[in-house]
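1. sequence plus the predicted model coming up.
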Amino acid sequence: MKERQIVMDLCTIFAHKVKIGCTLDEKQMEMQTLNKKADATREKDIYRVTVVGSVVNFLLLVFKFFAGIVGHSAAMLADAVHSLSDFITDIIVIVFVRISAKPEDEGHDYGHGKYETLATAIIGIFLLFVGFGIFWNGASSIYRFLQGGSLQEPGILALVAALVSIVFKEVLYQYTVFKGRKLNSQAVVANAWHHRSDAFSSIGTAAGIGGAILLGDHWRVLDPVAAVIVSFFVMKVAVQLLIPCVDELLEKSLPAEVEDEILKTILSFPGISSPHHLRTRRIGSYCAIEVHVRMDGSISLEEAHETATAVENKLKRQFGKGTLVSIHVEPVKKSNEATE
């Protein structure tokens, strides 16, 4: 009877362990499903934000081109070109965010996050060329005016278009940058700054057109002057977008304060010492962290694995669930073992 009871107890324990193992597998599958749903939701939200921007940009660029042509304003036409660049970059974001949201595959072990970085870089380069084009056109008009050439007086419609653009683009910037930071999307934030640069462009355009209308023939040069001033705003934003992209594509490490935070997190776990060989970088919206740590050499492999997994999970909670964490564990021998 005792032997039978022992066998039954062992069966119960085994069944319990199997149940626990199944429960853990189910939880892992559930977490994977939730992560996939979260990624899909993020992608949809990015599309929604971008579509809103695209519609507004399209309507504004049509209005600006019409107002610039009818109102004979070089500054307004330059502003219209800037809005056209906004519309094109919206399309770029839509295409590249879809690619960057794809999971890892055989050819991309670290995922497709850098496609989003590439999209941001394209926006920056495009914006840089647009800014230079606006500068060149405005400077050419100023030169012709100084050589005795005449400039047409801009119409009231051009001024109205500039004022309308200021309001709509600033509202669009606030909406897009809020969503971009909430979604942790570099490309969406970059696009928001593109909207803000267009708002700055329209402010300069409104000042130039208004001055050219109100101050008379000798001040018509203010229209191209405004275009030149706007071009510097545009090129400044382009450079601000490109520098982080270049850093990321060249595998620049995360800032020192972020790395210090990572080390503090690792050392907060008992049993871990001497974190070293820390390597960090960005992959699109996510971070990649590689580090070596030391643990007591007498503990079991299972214990070391559990501790390393706990560190990994905490780092993912801090820096985002898509963070890639690689922890190499090195054993530390006890002093009495080391002397033997």
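-> Happy to help now that I have it. If you're wondering where the values come from, they're calculated on a predicted model, not measured in any experiment.
2. was I right to think G71 contacts A162?
-> No: if you go by CB atoms under 8 Å, G71 and A162 don't touch, sitting 9.7 Å apart. (C-beta placed from N, C-alpha, C; glycine too.)
3. now the common contact residues for the two.
-> Both G71 and A162 are contacted by I209, under the criterion CB atoms under 8 Å, 6 or more residues apart in numbering.
4. of the two, give the one with the bigger neighbour count.
-> Using other CB atoms under 10 Å, the more surrounded residue of G71 and A162 is A162, with 29 against 25.
5. mind checking the SS state of that one?
-> Following DSSP: H, G, I helix; E, B strand; the rest coil, we place A162 in the helix state.
6. list the residues that contact it.
-> Applying CB under 8 Å, 6+ apart to A162 gives the contacts A75, M76, D79, S202, I203, T205, A206, I209.
7. can you rerun that using 10 Å?
-> 64, 67-68, 71, 73, 75-76, 79, 154, 201-210, 226 (CB atoms under 10 Å, 6 or more residues apart in numbering).
8. kindly report the same for G271.
-> For G271, the contacting residues are V293, R294, M295, D296, I299, E303, A304, T307, V332, by CB under 10 Å, 6+ apart.
9. and stretch 189-200, average pLDDT?
-> Averaged across stretch 189-200, pLDDT comes to 80.
10. can I get it as CSV, trimmed to CA atoms?
-> Output of stretch 189-200 as CSV, limited to C-alpha atoms (Å, rounded to 0.1, in the frame of the first residue of the first chain):
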residue,chain,number,x,y,z
VAL,A,189,8.3,62.6,-35.1
ALA,A,190,10.6,63.6,-38.0
ASN,A,191,7.5,64.1,-40.1
ALA,A,192,6.0,66.3,-37.3
TRP,A,193,9.1,68.5,-37.5
HIS,A,194,8.5,68.7,-41.2
HIS,A,195,5.1,70.1,-40.5
ARG,A,196,6.6,72.6,-38.0
SER,A,197,9.2,73.7,-40.6
ASP,A,198,6.3,74.4,-43.0
ALA,A,199,4.6,76.5,-40.4
PHE,A,200,7.9,78.5,-40.0
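11. can we start the residue count at 426 from this point?
-> Okay, using 426 as the starting number, the last item reads as stretch 614-625.
12. residue contacts, the residue nearest the centre of the chain?
-> Nearest residue to the geometric centre of the chain (CA atoms, centre = their mean): Q611, 0.5 Å. Residues near Q611 by CB under 10 Å, 6+ apart: 525, 538, 541-542, 544-545, 605, 666, 669-670, 673, 707, 709-710.
13. 8 Å instead?
-> Counting by CB under 8 Å, 6+ apart, Q611 has contacts E541, T542, T545, G605, P669, G709, S710.
14. distance check, it against A492.
-> Computed as CB to CB, to the nearest Å, the Q611 to A492 distance reads 33 Å.
15. straight-line length of stretch 633-650, end to end?
-> Start to finish, the residues bounding stretch 633-650 are 7 Å apart (CA to CA, to the nearest Å).
16. what are the buried residues along that stretch?
-> For stretch 633-650, a neighbour-count test (16 or more other CB atoms under 10 Å) marks 633-638, 644-650 as buried.
17. for stretch 492-504, same thing?
-> Buried residues in stretch 492-504, defined by neighbour count with 16+ other CB under 10 Å: A492, G493, G496, H497, S498, A499, A500, M501, L502, A503, D504.
18. keep only those of the residues you listed that are in strands.
-> Per DSSP state E, strands hold no members of the buried residues of stretch 492-504.
19. identify those among those residues that sit within helices.
-> Of those, the ones assigned to helices by DSSP state H are A492, G493, A499, A500, M501, L502, A503, D504.
20. out of those, which is nearest to V476?
-> Set against V476, the nearest of these by CB to CB is D504 (22.6 Å).
21. thought that closest one was touching V655?
-> Yes: shown here, D504 and V655 form a contact pair, counting by CB under 8 Å, at 7.1 Å.
22. what residues do the two have in common as contacts?
-> S626, T630.
23. the helices in the stretch 426-575 of the chain, which residues?
-> 427-495, 499-525, 539-571 (DSSP state H, counting those that start in this stretch).
24. wait, the stretch 626-765 of the chain
-> Ranges of helices within the stretch 626-765 of the chain are 647-674, 681-692, 726-744, 760-764, based on DSSP H, counting those that start in this stretch.
25. turn those helices into a markdown table, including mean pLDDT and distance to H619.
-> As requested, the helices of the stretch 626-765 of the chain are exported to a markdown table (pLDDT from 0 to 100; distance: least, CB to CB, whole Å):
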| stretch | mean pLDDT | distance to H619 |
| --- | --- | --- |
| helix 647-674 | 83 | 7 |
| helix 681-692 | 92 | 26 |
| helix 726-744 | 91 | 26 |
| helix 760-764 | 45 | 60 |
